[in-house]
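Novice: structure for this input, please:
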Amino acid sequence: METFATQRLRGEKLHERHLPDLIELHLDGEVMRFLGGIRSPEATAGYLADNVAHWERHDFGLWVVRTPDGAFAGRVGIRHLVVGDAPEVEVAYTFRRALWGQGLASEVIEFLADVGLKRLAFPSLVGVASVGNIASRRVLEKSGFAFERTVNYLGEDVVLYRRRRATPSASTDLHRARESS
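Specialist: A predicted model of the protein is given here:
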């Protein structure tokens with residue numbers, strides 16, 4: 001799936017042409033505060049190359065998202081990573097600071113969870129956030145991700161949240177419970 005649309009965002013598969021937008025995003029100290037700090041243009045080019053290669057290997061990865069008027073909004077996606085010693089599939093999102101607090105992260109996480117758990121049929125997805133990143137933790141919690149543990153990832157303590165694919169019996173039980181209330 002190279003493109004997608006949510007209610008307020010349009011996504012397109014990450015490509016080399018997105019480098020200028022990513023450089024600008026990665027040079028914003030507030031945006032990158034919980035993401036390892038500011039990345040140089042050279043480090044961002046390496047990040048882009050790694051994530052384009054992820055698409056080539058797995059046929060999914062990061063998308064650049066834009067507002068309806070075409071303005072760059074950020075990057076979001078589903079990607080493999082290793083946390084602790086365990087391979088995981090992560091939902092990821094980073095938005096320009098001007099767009100924070102508008103519910104875009106929650107909107108896109110629902111879309112990503114649907115793609116990862118239904119379309120790609122992963123048994124679960126994780127969200128990883130810096131221990132101190134309360135806003136990202138709230139987004140994950142509101143989106144049905146449950147806190148699992150604190151772990152060291154790339155030299156930093158992070159919290160790992162997990163959302164599991166609904167089993168047919170669990171979704172049937174949920175449907176029955178809603179009907180009876």
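Novice: Val91: neighbour count?
Specialist: Neighbours of Val91 under the rule other Cβ atoms under 10 Å: 27. For every residue, glycine as well, the C-beta is placed using N, CA and C.
Novice: and it, what is it in contact with?
Specialist: Applying Cβ atoms under 8 Å, 6 or more residues apart in numbering, we find Val91 in contact with Val76, Gly77, Ile78, Ile109, Leu112, Ala113, Gly116, Leu125, Val126, Gly127.
Novice: tell me the centre residue of this structure?
Specialist: Nearest residue to the geometric centre of the chain (Cα atoms, centre = their mean): Ala92, 1.7 Å.
Novice: hey, what's that residue bridged with?
Specialist: Gly77 (DSSP bridges).
Novice: which ones are touching it?
Specialist: Counting by Cβ under 8 Å, 6+ apart, Ala92 has contacts Leu62, Arg75, Val76, Gly77, Ile78, Arg79.
Novice: okay if I get the residues you listed as JSON lines plus neighbour count?
Specialist: Below are these laid out as JSON lines (neighbours: other Cβ atoms under 10 Å):
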{"residue": "Leu62", "neighbour count": "25"}
{"residue": "Arg75", "neighbour count": "24"}
{"residue": "Val76", "neighbour count": "26"}
{"residue": "Gly77", "neighbour count": "25"}
{"residue": "Ile78", "neighbour count": "23"}
{"residue": "Arg79", "neighbour count": "17"}
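Novice: tell me the one among those nearest to Glu141.
Specialist: When the contacts of Ala92 are compared for distance to Glu141 (Cβ to Cβ), Val76 comes out closest, at 17.9 Å.
Novice: isn't that closest one right up against Gly11?
Specialist: Yes: here Val76 reaches Gly11: they are 6.7 Å apart, a contact under Cβ atoms under 8 Å.
Novice: intersection of neighbour lists for the two?
Specialist: Trp63, Val65.
Novice: my read is Tyr47 is in a helix, agree?
Specialist: Yes: per DSSP: H, G, I helix; E, B strand; the rest coil, Tyr47 lies within a helix segment.
Novice: that one touches Met32, doesn't it?
Specialist: No: with contacts counted by Cβ under 8 Å, Tyr47 stays clear of Met32, the gap being 11.3 Å.
Novice: now do the shared contacts for those two.
Specialist: His26, Arg39.
Novice: neighbour count for those two, which is higher?
Specialist: Using other Cβ under 10 Å as the criterion, Tyr47 and Met32 rank with Tyr47 on top: 18 against 15.
Novice: distance check, that one against Gly61.
Specialist: 12 Å (Cβ to Cβ, to the nearest Å).
Novice: cool, and Glu16?
Specialist: Taking Cβ to Cβ, one finds Glu16 at 14 Å from Gly61.
Novice: what ranges do the strands span in the chain?
Specialist: 3-5, 10-13, 62-66, 72-83, 86-95, 124-130, 146-153, 156-164 (DSSP state E).
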